[in-house]
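# here is my input, please return the structure:
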Amino acid sequence: MPVSDGPMAGCAGLRALAGSGRKSRAMDGDGEKTEESDAMGEDGTLPKRKFFWNTDVTGWLPGSGRFGRLGKRSEGQVGALVDAFAAFATLDDVLSAVEADLILDMLRSAFPEVDHAWLTRRLRRAVKSPKPLQGLATELRKSLDETGKLAVGLQLFTLVDAAGRSERSRASFEIFMRRLGKPEVGAAILREMRGEGKEVELPFERLVFGGKDADVILPPAAVGQEFRVYRVGDLVLLRNTGETALWVRGKSLATGAFLRVRERQELVVPGWLMTHDDLRFFLDVRKMGNMPSIYLEAGEEGLIAERTRARGSKLRVKFGLEAEVEVLADTDLHVGSKGPLKQGDLVHCRNHERIGGASGFSLTVNELRKKALQSGRRFRLAAEQQEYLVSNDGSALGSGDLLLGAKLAPKTVLFIRYDDEGAKGQLEIREAGGPVLVDGLPVRQRAALRDGSLIRLSGSQAVRCRFSEGFLDEERTQIEALDVEGLVHDFGKNSRALDQVNFEVRRGEMLCIIGPSGSGKSTLLAVLSGQRRPTRGRVNLNGISLYDRRDRLVPFIAHMPQEEALNPQLTVREHLRHGVMVRRPGLVLAEHERRVDSMLAELGLQRIARRRVGSPGEKTISGGERSRLNLGVDLGSRAEVFLFDEPISGLSSKDSEHVAETLRALARSEWKDFVIRGTKFKRFYLPLSYDGSRILVPEMKIETEEGACTASLYYDGKNQVKGRLVSDLDPTSFKQVFGPKAQPFFNSLQFKTGPKIEAEVTGTALKPELLKVEGQLDLQDFSYKGVLLQEVKTKFSFWDSKLHLTDLSLKRAEGQASAEVWHDFKNKLVSIKNGQSELMPSEVAVIFGDKLAGYLAPYQFSKAPKVKIEGMVDLDTQAKTSLTVDMVAKEGVSLKFLGKMVTLRNAQSRVIFKGKNLSVIIQPPTQLFEGDI
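Just a heads-up that it's a prediction; the model follows:
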């Protein structure tokens, strides 16, 4: 769930602090005064200076986050870090809004349990009365562990970078790191940021994403994009080293800028939507060298993946910085651009390349890795290695160790020693944030292992020992699907609340149920949550009946009813802590607090963590905050299915938006199988990035039963918009969405298949009429006002209220037509150039209105005439109308004259519309009639 960074409470007070002072300061390696420290006091402190809160700064630099391991989080340590950050940020005697925001973001992420208002006041005090950097470095040297010093060094450099990268600030940084006891770290950071550390071993982890020489290759569409990822402990920093901006955490990251990437946040590059989990996977592969693998075979409906080799296995895929594909048998499967494949082939492919079959089904390597590892990883035990360190936290492991999936259980570090001949082993628990069970029995420190033993770390994660086969298997208990079959519930003979309800929801999806009061929504949620057994039908989790295994499956379901369950006397933090302790009593206190910190960040409630909730009437917290807190009480459980009964009922539009954002984030902004005004949507996906001014929608997707649409959009925050649309949706699917006034138009349309549209949008967003849309349209078997058209094709552009169809072509059974058409909507003018037609006029005239159809009704053509059209039609006053229509009917035209049918052979005519005048000229002279009357 994305973390919503709140506004800086009280930061506006960081302005105009008293006194004036010297222009610059620095220190040498021994803390002696330098030539720049002439104004330093005898006690080594700086005189009071005047700083300016720069309110004109419009640039954006997001903060870096949590400091790895910081040891004991005492107020003194927090204060020392605040003082250090403030001292670096004010080296130029100016504290900009960017720098203040950066400092507060770092501090809030590092100390989420500390009141944010207190942090702001403490930062204000540090700016007003700065302390010498040498003393702060010495103090932090004593209180921080090794990882903490590395993390502080990296984040201090982001302040140096934000302050302008002056030589004085770089020198001060280098000296500070020497005082911190880590001169080699400071030197390594400076070399890396200067681009001089490519071949040097670094004290922190680094990965390069970019072109052909990078560690991880980006898709070809990511032209000019490159970035580096650094990790220390659980701190992950990203630096844009490419030529163009990156979109991370919903904001634009300029070239050279830094950003801390948090859990569940996304990085957008063309052709790849990358997550924090992706970055962590690549870092772990580089660090530990373990490449998970799966076996693939082609099924009737797609690829079948197994952790072990089966008789039909065709490929073995090993996932790493790139994928290694071993071909086990001849196959029609393709890997990237290579295929069909022969037994013995070894193919290396990028993470964005696709693996698929002749049926057209395919997945990118990255998508395949995520799907294949959902059930857990398999680790092969090397014959020459009898001991392994196993953990679900990568910071505790090194090369050759075994990393389990993260965030499925409290942090656990296990040491496993095994005997492959005797198929037995020993377990030693090095660290555990929660209970560890071996074959169902709790273990405090050591336990014997047998072949087949199950080491359970939580309800969602375990390790199966398969010593005789040479494997350790990670087993994950995750709810992959909830499906409802024929659900019926009666409250009596004549009171049916649910009648044959059927649907399925997959992991990561959101299902919205919309209906009036009394339609059975709350009853359905009660049935789904295990609280009310249905009269008939089944509720299945992973195919297992909920009511057959109720006691085991109900803990995976969280149900939030309409009524809130908040105690007005407790604070926001106390509510969340109580919820975690009740639902996860086996966790240690530190793990409880970690989960509470995480939930506060996910729900955007950090700012009010210490505030008493109060009653709804007291307005201590807003309605939206109350609703989000109510959600959070259940987030601390082991639940994986969340049911919310009218979560935004009674809230203001703003609060409703905040709650909806939280729910969308839980399902990763993807909605499936929902209905709006009677229109059923199969899928709606909207990844949105926003930094306060700029907006990026990398790939919006809409799917209905009749087609799909994908679109992308970029707004630069000033006036320019760029976008792209590809669609084959049937527009009539949306007729209910647009209301009753649009019904006649939609009712006149019929599509056998949706129109294929490709379009690009460019222009200024400040004047929508100046947006330029260019693309092409392709319709097959399309009916308008009852007129069947076999094909309609054209390239088009729309700009300044003018539609230009450059090469419109239409086909029917009797012939075809073509023209270049301009439609000026503002001035209500239509221009036609080089219009040619061989369509039957009486058949298609209704398209242009009932009047024209009535005018042509008396004329009957034995064969479609050849028609040429040139000119303009004034749809408003007709004053500017100037249209010429030339018609040649070689087969003749018949009409009723004096009560008899008359046929004109080889008829040629010219019809001229001039203003409101109509001229009809017959050429050459034709005998109209001869005979008895």
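# can you list the low-confidence ranges for the stretch 351-500 of the chain?
For the stretch 351-500 of the chain, the stretches flagged by pLDDT under 70 are 358-361, 375, 383.
# which residues does the residue nearest to H823 when sequence neighbours are not counted bridge with?
Counting by CB to CB, 6 or more residues apart in numbering, H823 lies nearest to L803, which is 4.3 Å off, once chain neighbours are set aside. For glycine as for every other residue, the C-beta is placed from the backbone atoms N, C-alpha and C. Taking DSSP bridges as the rule, L803 bridges to F798, H823.
# residue ranges of the helices in the stretch 701-850 of the chain, please?
Ranges of helices in the stretch 701-850 of the chain, per DSSP state H, counting those that start in this stretch, are 743-747, 841-844, 850-856.
# what is the subsequent helix or strand relative to the longest one?
Sequence-wise, the next helix or strand downstream of helix 850-856 (DSSP states H and E) is strand 860-861.
# quick one: contacts of that following strand?
The set of residues external to strand 860-861 that reach it, using CB atoms under 8 Å, 6 or more residues apart in numbering, is 840-842, 889, 891-895.
# again, 6 Å this time
With contact meaning CB atoms under 6 Å, 6 or more residues apart in numbering, strand 860-861 is reached by 889, 893-894.
# now render these as a markdown table, adding secondary structure and neighbour count.
What follows is the contacts of strand 860-861, written out as a markdown table (DSSP: H, G, I helix; E, B strand; the rest coil; neighbours: other CB atoms under 10 Å):
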| residue | secondary structure | neighbour count |
| --- | --- | --- |
| A889 | strand | 22 |
| V893 | strand | 21 |
| S894 | strand | 16 |
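# right, and the secondary structure at G405 would be what?
Of the three states, G405 takes coil according to DSSP: H, G, I helix; E, B strand; the rest coil.
# need the contact list for it.
By CB under 6 Å, 6+ apart, the contact set of G405 is empty.
# could you measure from it over to L553?
As for G405, its distance to L553 is 21 Å (criterion: CB to CB, to the nearest Å).
# tell me, how many residues neighbour the closest residue to D401 other than its chain neighbours?
In space, not counting the residues next to it along the chain, D401 is nearest to L389; the distance is 4.3 Å by CB to CB, 6+ apart. Around L389 there are 18 other residues, counting by other CB atoms under 10 Å.
# how near is L389 to R378?
Computed with CB to CB, the distance linking L389 and R378 is 17 Å.
# quick check: domain ranges of this structure?
As recorded under automatic domain parsing, the domains making up the chain are 11-193, 205-286, 293-372, 378-476, 481-560, 572-668, 682-790, 801-933.
# picking that back up, residues making contact with the host helix or strand of the residue nearest to D401?
If you go by DSSP H and E, L389 is part of strand 387-391. Taking contacts as CB under 6 Å, 6+ apart, the residues outside strand 387-391 that touch it are 397, 401-402, 413-417.
# can you lay out those as a markdown table showing secondary structure and neighbour count?
Output for these, formatted as a markdown table (three-state DSSP; neighbours: other CB under 10 Å):
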| residue | secondary structure | neighbour count |
| --- | --- | --- |
| L397 | coil | 21 |
| D401 | coil | 19 |
| L402 | strand | 19 |
| V413 | strand | 19 |
| L414 | strand | 23 |
| F415 | strand | 15 |
| I416 | strand | 21 |
| R417 | strand | 13 |
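# just give me the closest of those to R307.
For these, the residue nearest R307 by CB to CB is L402; the value is 14.8 Å.
# list the contacts for that closest one?
Counting by CB under 6 Å, 6+ apart, L402 makes contact with 379, 388, 390.
# can you pick the most crowded of these?
Highest neighbour count within these: V390, with 23 neighbours (other CB under 10 Å).
# measure that residue to K287 for me?
In terms of CB to CB, V390 sits 15 Å off from K287.
# residue boundaries of the strands in the stretch 451-600 of the chain?
For the stretch 451-600 of the chain, the strands defined by DSSP state E, counting those that start in this stretch cover 454-458, 461-466, 471-476, 481-492, 495-506, 536-541, 544-545, 557-560.
# may I see those strands organised as TSV, with distance to I621 added?
Shown next, in TSV, are these (distance: least, CB to CB, whole Å):
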stretch	distance to I621
strand 454-458	32
strand 461-466	35
strand 471-476	36
strand 481-492	32
strand 495-506	31
strand 536-541	34
strand 544-545	40
strand 557-560	17
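# three-state assignment of N630?
Under three-state DSSP, N630 comes out as helix.
# quick one on the thing from earlier: tell me the one of the contacts of L402 nearest L631?
Distances from L631 to the contacts of L402, taken by CB to CB, are shortest for V390, at 33.7 Å.
# residue contacts, L643?
Counting by CB under 6 Å, 6+ apart, L643 touches 525, 528-529, 559.
# most widely separated two among the residues you listed?
Pairwise distances among the contacts of L643 were taken by CB to CB; the largest, 7.9 Å, belongs to L528 and H559.
# the more surrounded of those two?
Between L528 and H559, counted using other CB under 10 Å, the more crowded position is L528 (22 against 18).
# return the distance of stretch 426-441 from the chain's centre.
36 Å (CA atoms, centre = their mean, to the nearest Å).
# contacts for it?
410-413, 415-417, 442-443, 445-447, 449, 453-456, 586-588, 591.
# mean pLDDT per helix and strand in this protein: which one sits at the bottom?
Within the chain, no helix or strand scores below strand 53-54, which has a mean of 34 by mean pLDDT, DSSP states H and E.
# following it, which helix or strand shows up next?
Once the chain leaves strand 53-54, the next helix or strand it forms, by DSSP H and E, is helix 75-89.
# identify the bridge partners of the residue nearest to D401.
In beta-bridge terms (that is, DSSP bridges), L389 pairs with F415.
# quick thing: my sequence starts at 10, can you match it?
Right, with 10 as the first residue, what we last looked at is L398.
# flag every buried residue along the top helix by length along the chain.
When the chain is parsed with DSSP state H, its longest helix is helix 155-171. Of the residues in helix 155-171, 156-171 count as buried by neighbour count, 16 or more other CB atoms under 10 Å.
# circling back to that earlier point, got TSV for the contacts of strand 396-400, with distance to K877 too?
Converted to TSV, those look like this (distance: CB to CB, whole Å):
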residue	distance to K877
L406	79
D410	80
L411	78
V422	84
L423	84
F424	88
I425	86
R426	91
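# am I right that S181 is in a helix?
Yes - checked against three-state DSSP, S181 lies within a helix.
# show the model's pLDDT score for it.
Here the pLDDT value assigned to S181 is 82.
# burial measure for it, as a count.
23.
# now the one 5 residues further on
Other residues near M186 come to 24 when the count uses other CB under 10 Å.
# before we move on, what about the one 5 residues further on?
The burial count assigned to K191 is 22, neighbours taken as other CB under 10 Å.
# out of everything not next to it in sequence, what's closest to it?
K158 (5.1 Å).
# same deal with T486?
Sequence neighbours aside, S469 is the residue nearest to T486 in space, at 5.0 Å (criterion: CB to CB, 6+ apart).
# burial check on that neighbour, number of neighbours?
When neighbours are defined as other CB under 10 Å, S469 has 18 of them.
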